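Colleague: no sequence on hand, only this structure:
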Ligand SMILES: [Fe+2]
């Protein structure tokens, strides 16, 4: 089963600002009609209703094979200030119409989708890592929170799905990248919860691509570039729990 990791689409209110994202999504739709897409947040630029309408217009054609999580720009003005109305809008205008397996706004459990193809089942686990805070510094770091961590532990402890390959994704940074102040506030607790229990971890946010192999008991940890205007994205091929491959593929 094949997945493409896209991130940080930053869809704007004015359609003329969305030419790059539109052309990437057109190319992906035509070139990879069977691939599933995972978009790790900042899908819109500041959570305005017009942006969500355009995002749904772009992503609806992938319905059933696109999986998303929110970023700081989806829930907040300029990506700096959390607003509950914008968080609710993400669910109402985008996540629910795209038929994701749950809701992100508020204090929720992880959103789980199970996809299957030719007898192979893969669990996709998405988190909301936005911190409900008024401080832009904390909002840029993000936090998983106790409720999601407990929910995640319960999901990963289920013996019925223990042998199922798992792709786990969220927006903010699991690692500091090159900025020591931009790491999830509970990154250590998250890492402790997922250690050796998921096979692929995906995130975005900084618009800097990176790849860590066999780190923290996880086969691949991937940070995505912002996809619009870029030529390449990562393709993840999953054949089994220990048979996973990552390649760069053209998206434009
Ligand atoms: Fe971001």
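Modeller: Yep, it's here. This structure is a prediction, so every number in the text was calculated from the model and none was measured.

Colleague: from now on I want contacts and neighbour counts done on CA atoms only, so please keep to that.
Modeller: Noted.

Colleague: quick one: contacts of stretch 76-86?
Modeller: 45-48, 72-75, 87, 105-106, 130-137, 139-140 (CA atoms under 8 Å, 6 or more residues apart in numbering).

Colleague: ok, now stretch 224-232?
Modeller: By CA under 8 Å, 6+ apart, stretch 224-232 touches 5-9, 20-21, 24, 202-210, 233-234, 248-252.

Colleague: at 10 Å what do you get?
Modeller: Stretch 224-232 has contacts (CA atoms under 10 Å, 6 or more residues apart in numbering) with 5-11, 18-25, 39-40, 42, 171, 202-211, 233-234, 247-252.

Colleague: out of those residues, which end up buried?
Modeller: With burial judged by 16 or more other CA atoms under 10 Å, the buried subset of the contacts of stretch 224-232 is 5-11, 18, 20-22, 24-25, 39-40, 42, 171, 202-206, 233-234, 251-252.

Colleague: thinking again about what came up before, which of the contacts of stretch 76-86 fall in helices?
Modeller: 72-75, 87, 136-137, 139-140 (DSSP state H).

Colleague: farthest-apart pair in those, please.
Modeller: Within the ones in helices among the contacts of stretch 76-86, two members stand farthest from each other by CA to CA: 87 and 137, at 18.4 Å.

Colleague: so residue 63 versus residue 94, what's the distance?
Modeller: 11 Å (CA to CA, to the nearest Å).

Colleague: now the common contact residues for these two.
Modeller: With CA under 10 Å, 6+ apart as the test, residue 63 and residue 94 both reach 56, 100.

Colleague: higher neighbour count, the two?
Modeller: residue 94 (22 against 15; other CA atoms under 10 Å).

Colleague: am I right that the more buried one sits in a helix?
Modeller: Yes: secondary structure of residue 94 (DSSP: H, G, I helix; E, B strand; the rest coil): part of a helix.

Colleague: right, I'll leave it there.
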